[in-house]
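Novice: Mind looking at a prediction? Sequence and model below.
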Amino acid sequence: MALVVAMRPRQWLKNVLVFAAPLAAGSLFLATVIVPTLGAFVAFCLISSSTYLINDIKDVESDRNHPTKRNRPIAAGDLNANIAAVFAVILALAALTLAWWIRPDLAGVVAIYFVFTLSYSLFLKHEPVIELALLAMGFLLRAIAGGVASNLPISQWFLIVAGFGSLFMAAGKRFSELDRDLNRSGAGETAKRASLEGYSLGYLRFVWGIAAAVTIVAYCLWAFEVGQAPSTLPWAQWSVLPFVLAILRYGVAIDRGQAEAPEDAVLHDKALLTIGAIWLVLFGLGALGV
């Protein structure tokens, strides 16, 4: 059970981004697309869990001094670090094998994700901007993987939306972490973490604000491109409204310092989930040319 917890299955929600490219292409429900895409989802769950284990082994001492991370299985002493290391290797090999079996190019995307994430955990976690870019790349590579797995062409607008949307979420995550740590420091508790020392709230607010603006503009252009497909109604164009509302709603969570864990920020906001469902239906109908 400690091993399962250390693999952080709750964070597998991030891996649903692999379905984005096939959905945008209007091909998600084809058997030749959905099967390899599901395989890509499983591969990213395995490889991300491997990197979580490695990260927790590396940060075991600092996690023990953290108010919430001290409850992680390795830091709490519920999981032996050597056992965690063995399973990290097994999970990484399983992920790469599955990805290669689906498509060699997908194995390349998974390997790049592993290298980037490993570099982040071991060397670059405390480098301002660089670590933010690597964090955003983790989201972007998930989005790219779906198109690679099913051999679908990926729109340039999709890459821009996915890239800057990833930066928006990454900067929002750091903003929430820094806001929490500064509040704790102001209360005379633990000082802010080393990985946040290169940032200020003003700078991170600037980054996620710019990223949100570019994401919205790029999505509008992309939605009109998708809407050029034969369709009874302009579903894709109509999807702009819920998309913008979702960005603005998530921005509220960031501004409140509640986006430290993006998956929790989404799952705990019923309004955001409703807006997201409406967007999914509208964009899906547009992509499918209904």
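Specialist: Good, I have the coordinates.
Novice: so residue 221 sits right up against residue 157, yeah?
Specialist: Yes. The pair residue 221 / residue 157 is scored as a contact, 5.6 Å apart, by Cβ atoms under 8 Å. Any C-beta I mention is one placed from the backbone N, CA and C, and that applies to glycine too.
Novice: Those two: who's more crowded?
Specialist: The residue with more neighbours, out of residue 221 and residue 157, is residue 157; 18 against 13, by other Cβ atoms under 10 Å.
Novice: doesn't residue 224 make contact with that one?
Specialist: No. Using Cβ under 8 Å, residue 157 is not in contact with residue 224, being 9.3 Å away.
Novice: contacts for stretch 84-97?
Specialist: 3, 6-7, 43-44, 46-47, 49-51, 53-54, 56-57, 73-74, 107, 110-111, 114 (Cβ atoms under 8 Å, 6 or more residues apart in numbering).
Novice: same thing but 7 Å
Specialist: Outside stretch 84-97, the residues that touch it by Cβ atoms under 7 Å, 6 or more residues apart in numbering are 3, 6, 43, 46-47, 49-50, 53-54, 56-57, 74, 107, 110-111, 114.
Novice: Now flag whichever of the residues you listed is closest to residue 174.
Specialist: Comparing these against residue 174 with Cβ to Cβ places residue 56 closest, at 19.4 Å.
Novice: which element follows the helix or strand encompassing that closest one toward the C-terminus?
Specialist: Here residue 56 sits within helix 31-58, counting by DSSP states H and E. Using DSSP H and E, the next helix or strand after helix 31-58 towards the C-terminus is helix 60-64.
Novice: what about residue 134, helix or strand, and which?
Specialist: helix 130-149.
Novice: buried ones in the next helix-or-strand element following that helix?
Specialist: Counting by DSSP H and E, the next helix or strand C-terminal to helix 130-149 is helix 156-186. Residues of helix 156-186 classed as buried by neighbour count (16 or more other Cβ atoms under 10 Å): 157-182.
Novice: low-scoring pLDDT stretches of this protein, where are they?
Specialist: The chain contains residues with pLDDT under 70 at 66, 184-195, 226-232.
Novice: Find the centremost residue of it, please.
Specialist: In the chain, the C-alpha nearest the mean C-alpha coordinate belongs to residue 139, at 3.7 Å (Cα atoms, centre = their mean).
Novice: Residue 220 versus that one, what's the distance?
Specialist: Note on residue 139: its distance to residue 220, by Cβ to Cβ, to the nearest Å, is 20 Å.
Novice: re earlier: look up how far residue 248 lies from the residue nearest to the residue nearest to the centre of the chain when sequence neighbours are not counted.
Specialist: Leaving aside its sequence neighbours, residue 139 sits nearest to residue 166 (Cβ to Cβ, 6 or more residues apart in numbering; 3.5 Å). With distances taken as Cβ to Cβ, residue 166 is found 18 Å from residue 248.
Novice: next one: residue 2
Specialist: Remark: distance between residue 2 and residue 248 (Cβ to Cβ) = 39 Å.
Novice: neighbour count winner among these two?
Specialist: residue 2 (16 against 13).
Novice: sorry, back to before: so which two of the contacts of stretch 84-97 are the farthest from each other?
Specialist: Pairwise over those, using Cβ to Cβ, the maximum falls at 74 and 107, 28.1 Å.
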